[in-house]
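> build me a structure from this.
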Amino acid sequence: MARIAFIGLGNMGGPMAANLVKAGHDVLGFDLAAPVLKAAEQSGVKPASHASQAVKDAEIVISMLPQGRHVLTAWTDILQTAAQDTLVIDCSTIDVESSRKAHEMAKAASCLSLDAPVSGGTGGASAGTLTFMAGGSAEAFAKAKPILEAMGKKIVHCGEAGAGQAAKICNNMILGISMIGVCEGFVLAEKLGLSHQALFDVASTSSGQCWAINSYCPVPGPVPTSPANNGYKPGFAAALMLKDLRLSQEAALASGASTPLGAEAAQLFALFEKLGNGGRDFSAIIEMFREKA
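This is a model prediction of the structure:
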């Protein structure tokens, strides 16, 4: 059993912390939102009045926060309290530059560090089936892996500091692009009089197959567990997809990579959010294509 501090207990962090409790760990949590902290307490997380209280005496610290600036602010506070050799893991999805700065801060404080963003959405967070993409030293990864396994089913060491964030934004750029392609395919099928089930039966077993259609089909029916069957209640909100696509374009600009489809996907999701859909599942973008058609 490890003593773990968990900073950020929202839609993802809350269930992740709860799974650590289920695995037998002693988890102290902190979040700025009192209702969120109270909800985490009901799942067995011990509430802390501030981050430094949660971190005191913790062997491992995990953060799950919205943006890079939040992570850097939190880690500044955390690392003033954390003991040397504490393992600090950031599971947020942030820009690579901020992630590398956080690693540098941890190194200066003589702490081990790992960036370990996740894939799998709120459903995966609750079920403990997340995929973790980790960046950091081999020593940090080896120490973190048993902890991450309590929250996920696949743990991948992608490389050194920032590599986990790089893998996450590349993966989600692919996802955003592929979901748009799947949505366009279904809208075209509708116009041609082809049923959703017929297109799914063909595309899911032939060259059109991808996760966006096989596991997360954007129309009701073919995949009962997809958000399309639940009014597009988010497993992964459109606003979060837009955030990740923008991170991918920032990284593309900084590295000189050519990502024209990634840029177009970012523009389309920006329009979708502007139309008031940021809180809906990202697969609901199919409705925008129907309207444009």
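
> counting neighbours, what do you get for Ala254?
Neighbourhood size, Ala254 [other C-beta atoms under 10 Å]: 11. Every residue, glycine included, has its C-beta placed from N, CA and C.

> how about it, nearest residue that isn't a chain neighbour?
Glu97 (7.6 Å; C-beta to C-beta, 6 or more residues apart in numbering).

> the helix or strand where the one you found lies - contacts with which helices or strands?
Element membership for Glu97 (DSSP states H and E) is helix 96-108. The contact analysis (3 or more C-beta pairs under 8 Å, 6 or more residues apart in numbering; DSSP states H and E) places helix 96-108 against helix 68-81, strand 87-90, strand 112-115, helix 163-191.

> shouldn't Thr131 be within a helix?
No. Checked against DSSP: H, G, I helix; E, B strand; the rest coil, Thr131 lies outside a helix; its state is strand.

> of all the residues in the one helix or strand Phe200 maps to, which ones are buried?
Following DSSP H and E, one finds Phe200 within helix 196-203. By 16 or more other C-beta atoms under 10 Å, the buried positions in helix 196-203 come out as His196, Leu199, Phe200, Ala203.

> what's the closest of the residues you listed to Leu275?
His196 (23.4 Å; C-beta to C-beta).

> one step back: I'd say the residue nearest to Ala254 and Val71 touch.
No. Taking C-beta atoms under 8 Å as the definition, Glu97 is not a contact partner of Val71, at 11.5 Å.

> out of these two, which sits in the more crowded spot?
A count of neighbours by other C-beta under 10 Å puts Val71 above the other of Glu97 and Val71, at 27 against 14.

> re earlier: so which of the helices and strands packed on helix 96-108 comes closest to Gly124?
In terms of C-beta to C-beta, the element of the helices and strands packed on helix 96-108 nearest to Gly124 is helix 163-191, at 13.6 Å.

> can you list the buried residues in that closest one?
Residues of helix 163-191 classed as buried by neighbour count (16+ other C-beta under 10 Å): 163-183, 185-187, 189-190.

> which strands or helices does the helix holding Phe200 pack on?
Secondary-structure packing of helix 196-203 (3+ C-beta pairs under 8 Å, 6+ apart): helix 163-191.

> tell me the angle the helix it packs on makes with helix 196-203.
Angle of helix 163-191 versus helix 196-203, following axes from the mean of the first three to the mean of the last three C-alpha atoms, to 10 degrees, is 130 degrees.

> and Leu199, what does it touch?
By C-beta atoms under 8 Å, 6 or more residues apart in numbering, Leu199 lies in contact with Gly185, Phe186, Ala189.

> make a markdown table from those and add distance to Cys217 and pLDDT to it.
Below are these laid out as a markdown table (distance: C-beta to C-beta, whole Å; pLDDT from 0 to 100):
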| residue | distance to Cys217 | pLDDT |
| --- | --- | --- |
| Gly185 | 11 | 98 |
| Phe186 | 8 | 98 |
| Ala189 | 12 | 98 |
